[in-house]
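Undergrad: give me a model of this one.
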Amino acid sequence: MQPYAIQVKYSIVAKINADTDDESIDLSEMGEAIYGNPDLETTGALVDAHGEESMQNPEELGTYFEGDILIPMRFREDTRNGLLALSTRWPGGVVPYEIKGTFTPQELDNIHHAFNEYHTKTCIRFKKRTVERDYISIVNGKSGCWSSIGRLGGRQEVNLQSPNCLRTYGTPIHELMHALGFLHEQNRYERDDYVKVLSENVKPGMMANFEKSSARTHSAFGIGYDYASVMHYSNTSFSKNGKPTLQVLRNHPDARQLGQRRGFSPSDIRKINLMYKCKI
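TA: Got it, this is the predicted structure:
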């Protein structure tokens, strides 16, 4: 077993050995910052006030780790030493789900459109839960747009606050990619070769959201940095004054798509298919 792996009471972390090591997702660098409770006050109010004309995406407004990554405290309490170091992938790329929120027909259409994007372009399959123990529960509490990373074990929520987390199907795609095990593009270890963080424009206390991951914890499966990724934040994310917090450093045609939420980029699709060994 790897030294950073943690034993847990239920099935939050799979046993790491030669056969299962590539099914694990290392969350150890995130530390205690990934734990918390849904924020019904600050984040909920910010997302409620989010206008369609905003340059930011609603998932960039949260008080959570990197804005929209949250592992609820009950998972911390399930660990024996208080630190969740790993999550796992969904076996066979099948993600059982339930929809528990009170969504409008249009919002439900956007959720199902997001599912269909996965079904059409990857081998991931979202299927209605019957008796499966591990599953996602899609809700719309007044706590913003957020998800955990990977499969934690048991019921885990993906929160899509109505209406602003569901104005397009790009935000559901983004949060579901987190649930599959993917992190943000702008936090890749080689990020500084592609974008510069303009710290003078970042809200006080929010610079931690721009910390880089190590190559060990942020595998891109050999796919290069992707300005057009649905997992990349916009150039004004966490801005205190409306000015850019991310400056593109390369003259690349995809740079103008920074923070897009129209759907997958070609590289997003390749990464999903590589992580889940899709044969399509």
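Undergrad: how many neighbours does the residue nearest to Lys240 when sequence neighbours are not counted have?
TA: Nearest residue to Lys240, sequence neighbours excluded (Cβ to Cβ, 6 or more residues apart in numbering): Lys203, at 4.2 Å. C-beta coordinates here come from the backbone N, C-alpha and C atoms, glycine included. For Lys203, the neighbour count with other Cβ atoms under 10 Å is 13.
Undergrad: for the lowest-mean-pLDDT helix or strand in the chain, C-alpha coordinates in CSV please.
TA: Least confident helix or strand, the chain: helix 73-77 with a mean of 79, by mean pLDDT, DSSP states H and E. What follows is helix 73-77, C-alpha atoms only, in CSV (Å, rounded to 0.1, in the frame of the first residue of the first chain):
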residue,chain,number,x,y,z
MET,A,73,-17.6,16.6,6.3
ARG,A,74,-19.3,13.3,6.8
PHE,A,75,-16.7,11.7,4.5
ARG,A,76,-14.0,13.1,6.8
GLU,A,77,-15.7,11.6,9.8
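Undergrad: buried residues in the helix or strand following it, which are they?
TA: Using DSSP states H and E, the helix or strand that follows helix 73-77 towards the C-terminus is strand 86-88. By 16 or more other Cβ atoms under 10 Å, the buried positions in strand 86-88 come out as Leu86, Ser87, Thr88.
Undergrad: among these, show me the least confident.
TA: Of all those, Leu86 carries the smallest pLDDT score, 76.
Undergrad: contacting residues for the closest residue to Leu166 other than its chain neighbours?
TA: Spatial nearest neighbour of Leu166, chain neighbours left out: Glu107 (4.3 Å); criterion: Cβ to Cβ, 6+ apart. Glu107 makes contact with Asn140, Leu160, Ser162, Pro163, Leu166, according to Cβ atoms under 8 Å, 6 or more residues apart in numbering.
Undergrad: same thing with Arg261?
TA: So Arg261 contacts Asn57, Thr168, Gly170, Thr171, Ile173, His174, Val230 (Cβ under 8 Å, 6+ apart).
Undergrad: how many residues are close by the nearest residue to Glu175 once chain neighbours are set aside?
TA: Once flanking residues are discounted, Glu175 sits nearest to Ser147: 4.3 Å by Cβ to Cβ, 6+ apart. For Ser147, the neighbour count with other Cβ under 10 Å is 26.
Undergrad: backbone phi and psi for Ser147, please?
TA: phi -150, psi 160 (degrees, to the nearest 10).
Undergrad: same check on Cys145?
TA: phi -110, psi 120.
Undergrad: quickly list what it is bridged to.
TA: Applying DSSP bridges to Cys145 gives these bridge partners: Leu160.
Undergrad: quick one on the thing from earlier: name the element the residue nearest to Leu166 belongs to?
TA: helix 105-121.
Undergrad: quick one: the helices in the stretch 151-280 of the chain?
TA: Secondary structure of the stretch 151-280 of the chain (DSSP state H, counting those that start in this stretch): helices at 170-180, 266-275.
Undergrad: of all residues in the chain, which one is nearest the centre?
TA: In the chain, the residue lying closest to the centroid (Cα atoms, centre = their mean) is His178, at 2.9 Å.
Undergrad: if anything else comes up later, I'll come back, but that's it for now.
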